[in-house]
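Student: with the input below, show me the fold.
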Amino acid sequence: MKASIFVGSLAAFAMGATMAMAESHADENPMVGGAAMFADMNIIENAVNSADHTTLVAAVQAAGLVDTLQGEGPFTVFAPVNAAFDALPEGTVDTLLMDENKDMLVKILTAHVVSGDISAETIRVRAGDDGFYHMQTVSGDALSAQVQGRTIYIYDESGNAGRISIADVMQSNGVIHVVDTVLLPK
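Tutor: Residues are numbered from 1 along each chain as shown. Reported below is the predicted structural model:
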């Protein structure tokens, strides 16, 4: 009887500790694609665990950008979800993943990356009076962030807007903001 009470108490303690760790983690970083995102892991180490970013991860691998995004950084990545890639015209992703289109794929992917560690709060502050914050991507293209209430939209050079659905996913080498649109350079 005493052994079963001890085992039951031990199980309750373990469950409570696990829940406390999950709550502590949730306070630090949001879950993305059903996976915990850890601030001590880099952009690639976390992205490969997100079920919502399998297309992005495949594209980063095909473009040869894995080592770059595992690098020191810091980088701010506006990471499109699978549904954003699915919304592109039929066949676009397959075409971009072809070896002969690697330069175009690199250009598109690096148009989602800004040097530095730019939080949502930084975007809000820098948007200032006109409501826009302008950024240059590592591809040399422009992105603009617009703050509307609590929502932040990211515009590409063609005026297409993506909404940040999950902000401030901290990484050891920067920050990821999950977006619902693939941002295209001109």
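Student: C-alpha from now on. contacts and neighbour counts both.
Tutor: Noted.
Student: can you mark which positions in stretch 74-91 are buried?
Tutor: Of all the residues in stretch 74-91, those buried under the rule 16 or more other Cα atoms under 10 Å are 74, 75, 76, 77, 78, 79, 80, 81, 82, 84, 85.
Student: same thing with stretch 102-115?
Tutor: Taking 16+ other Cα under 10 Å as the criterion, stretch 102-115 shows 102, 105, 106, 107, 108, 109, 110, 111, 112, 113, 114 as buried.
Student: turn these into a markdown table, columns for secondary structure and distance to residue 132.
Tutor: Converted to a markdown table, the buried residues of stretch 102-115 look like this (DSSP: H, G, I helix; E, B strand; the rest coil; distance: Cα to Cα, whole Å):
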| residue | secondary structure | distance to residue 132 |
| --- | --- | --- |
| 102 | helix | 32 |
| 105 | helix | 27 |
| 106 | helix | 26 |
| 107 | helix | 24 |
| 108 | helix | 22 |
| 109 | helix | 22 |
| 110 | helix | 21 |
| 111 | coil | 18 |
| 112 | coil | 17 |
| 113 | strand | 18 |
| 114 | strand | 16 |
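Student: take the buried residues of stretch 74-91 and write them to CSV, including distance to residue 160 and pLDDT.
Tutor: Below are the buried residues of stretch 74-91 laid out as CSV (distance: Cα to Cα, whole Å; pLDDT from 0 to 100):
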residue, distance to residue 160, pLDDT
74, 26, 97
75, 22, 97
76, 19, 98
77, 17, 98
78, 14, 98
79, 15, 98
80, 13, 98
81, 16, 98
82, 17, 97
84, 12, 97
85, 14, 97
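Student: closest one of the buried residues of stretch 102-115 to residue 176?
Tutor: The shortest distance between residue 176 and any of the buried residues of stretch 102-115, using Cα to Cα, involves residue 113 and amounts to 9.3 Å.
Student: now do the contacts for the closest residue in space to that closest one that isn't next to it in sequence.
Tutor: Nearest-residue entry for residue 113: residue 77, 4.6 Å, with adjacent residues in sequence omitted and distances by Cα to Cα, 6 or more residues apart in numbering. Residue 77 makes contact with 112, 113, 114, 174, 175, 176, 177, according to Cα atoms under 8 Å, 6 or more residues apart in numbering.
Student: okay then, goodbye and thanks.
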